[in-house]
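Novice: With the sequence up front, the predicted model follows.
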Amino acid sequence: MKPLLALKIDVDTWRGTREGVPRLMALLKKYNAGATFLFSLGPDHTGRAIKRVFRPGFLNKVSRTSVVEHYGIRTLLYGTLLPGPDIGRREVALLRSVRDAGFEVGIHCWDHIRWQDYVADKDAQWTQNEMQLAAERFVEIFGEPAKTHGAAGWQMNEAAYAFEAELGLIYASDGRGTHPFQPVSTEGKLIGVPQLPSTLPTLDELIGLDGWTEANVHEHLLMLTESKINTPHVYTLHAELEGQRLADTFEKLLLGWQNQGYQLVSCKAAFESLDMKQLPRHQVLMGEIAGRSGVLALQGGAEK
C-alpha cells in the first residue's frame, strides 16, 4: 500500500474562496489528488490583523512574504475601512461545488481573525459560541453537520477541544505535530476527538529563510518527505497562497510527492487508515515554531 499524504486546505478569506478554491480544485483533479477544504464561514475581517504588528516576529515574517500580492489591498481593508463580506452567505454555490466535486469539506472557523487572535485566552462560553456559529452555518450550506475542524492559525484552548466532541466531529486537525493522537487534558483525561496534526512546514514559514524562494522551496519540502513514516503526513496549504501566486509551487509538490510514491488523499481518508486502538495519547502545548510569529498548538509529550 502506498504511503498517505493528506492535503489540508485552509480557506481564510473571501478572495481565497472565490479565486483560490476553484484553481486548487482544478489542480487537484489534474493529479487525481484528494484533499480536505476547511472554510471560514462568517465575515472576512482580515484587515483587523493590523494589530499583529506589535507581535514579536510578525514584521520579520511579513517582510519575507508579499502580503499585498497574496491577499490583495481590498482584503487587507475588510473589517476596518471596508465592511467584512460574509463568506458563507455569498459563496454558498461555490462551497457546495467543492463537496459535489468529491472533496471533503469541513470547518475552519466563523471569523478567522477573531478566532486566531483571541481564542487562546477566551473562556468556554466565548469559544463555544464561535464554534456554534460556524457549525450552524455549515449545516445551512451543506445540509448536514460537519465532521471535521481545523483551527485558524492553529489556535485552540481546552474548551475548544472538548466542544469538538459535542458537535459530533469524528476527528480534527487543529495543531502541529508528528503523528495522529488522542488529546488529553492537563489532568490526563481524554478530551475532544482524535487529532491529525500538520506534520510539515508551510510555504510562508519557509520562503525567505535559508535561501528558500518561491522557485526552490518545493525542494526542501520534498526532501522532508523522502523518508517514509508509519503514519500519514498532513500538509496544510492555503487558498490564498497555493491557490493563487504559489500555484506553480504547489503543482511541483503534487508531482514530486506522486513521484515519491505517495497517495495524495483527504484528511478523512488518512484518518480512516488509522488503527484507533493503537492511537497514542498526548497533551497539547502552546509553543513556537520556526518561521511563524507567536505561539500555536503543538503536540506535546505522550502520556505514560
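Specialist: It's in. Note that the coordinates shown come from a computational prediction; the quantities given were computed from them, not determined experimentally.
Novice: so where's the longest helix in the protein?
Specialist: In the chain, with assignment by DSSP state H, the single longest helix is helix 124-142.
Novice: Touching it from outside, list them.
Specialist: With contact meaning Cβ atoms under 8 Å, 6 or more residues apart in numbering, helix 124-142 is reached by 39, 41-42, 88, 92, 95-96, 99, 105-111, 114-115, 118-119, 145-146, 149, 157, 159-160, 162-164, 167. Every residue, glycine included, has its C-beta placed from N, CA and C.
Novice: Mind checking the pLDDT average for the next helix or strand after that helix?
Specialist: Next helix or strand after helix 124-142 toward the C-terminus (DSSP states H and E): helix 158-166. Helix 158-166 shows an average pLDDT of 97 in the prediction.
Novice: before we move on, what about stretch 39-57?
Specialist: Averaging pLDDT along stretch 39-57 gives 71.
Novice: What residues sit buried inside the longest helix of the chain?
Specialist: Buried residues in helix 124-142, counted by 16 or more other Cβ atoms under 10 Å: 127, 128, 130, 131, 133, 134, 135, 137, 138, 141, 142.
Novice: How about stretch 157-169?
Specialist: For stretch 157-169, burial by neighbour count (16+ other Cβ under 10 Å) applies to 157, 159, 160, 161, 162, 163, 164, 167, 169.
Novice: of those, closest to residue 241?
Specialist: Closest approach between these and residue 241, by Cβ to Cβ: residue 160, at 24.8 Å.
Novice: Once you drop chain neighbours, what's closest to that closest one?
Specialist: What sits nearest to residue 160 in space, not counting adjacent residues and going by Cβ to Cβ, 6 or more residues apart in numbering, is residue 127, at 5.1 Å.
Novice: just to revisit the earlier point, which of the buried residues of helix 124-142 sits closest to residue 2?
Specialist: Of the buried residues of helix 124-142, the one sitting nearest to residue 2 (Cβ to Cβ) turns out to be residue 142, at 29.7 Å.
Novice: so how far is residue 116 from the closest one?
Specialist: Plainly put, residue 142 is 23 Å away from residue 116 if you go by Cβ to Cβ, to the nearest Å.
Novice: What of residue 167?
Specialist: For residue 167 relative to residue 116 (Cβ to Cβ), the value is 19 Å.
Novice: so residue 41 touches residue 107, yeah?
Specialist: Yes: the criterion here is Cβ atoms under 8 Å, and residue 41 meets it with residue 107 at 6.8 Å.
Novice: how distant is stretch 295-304 from the center of its chain?
Specialist: 18 Å (Cα atoms, centre = their mean, to the nearest Å).
Novice: repeat for stretch 208-217
Specialist: The answer for stretch 208-217 is 22 Å, by Cα atoms, centre = their mean.
Novice: List the buried residues of that stretch.
Specialist: Neighbour count says stretch 208-217 has 208, 212, 214, 217 buried, by 16+ other Cβ under 10 Å.
Novice: just to revisit the earlier point, can you put the buried residues of helix 124-142 in CSV and add pLDDT?
Specialist: Shown next, in CSV, are the buried residues of helix 124-142 (pLDDT from 0 to 100):
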residue, pLDDT
127, 98
128, 98
130, 98
131, 98
133, 98
134, 98
135, 98
137, 98
138, 98
141, 98
142, 98
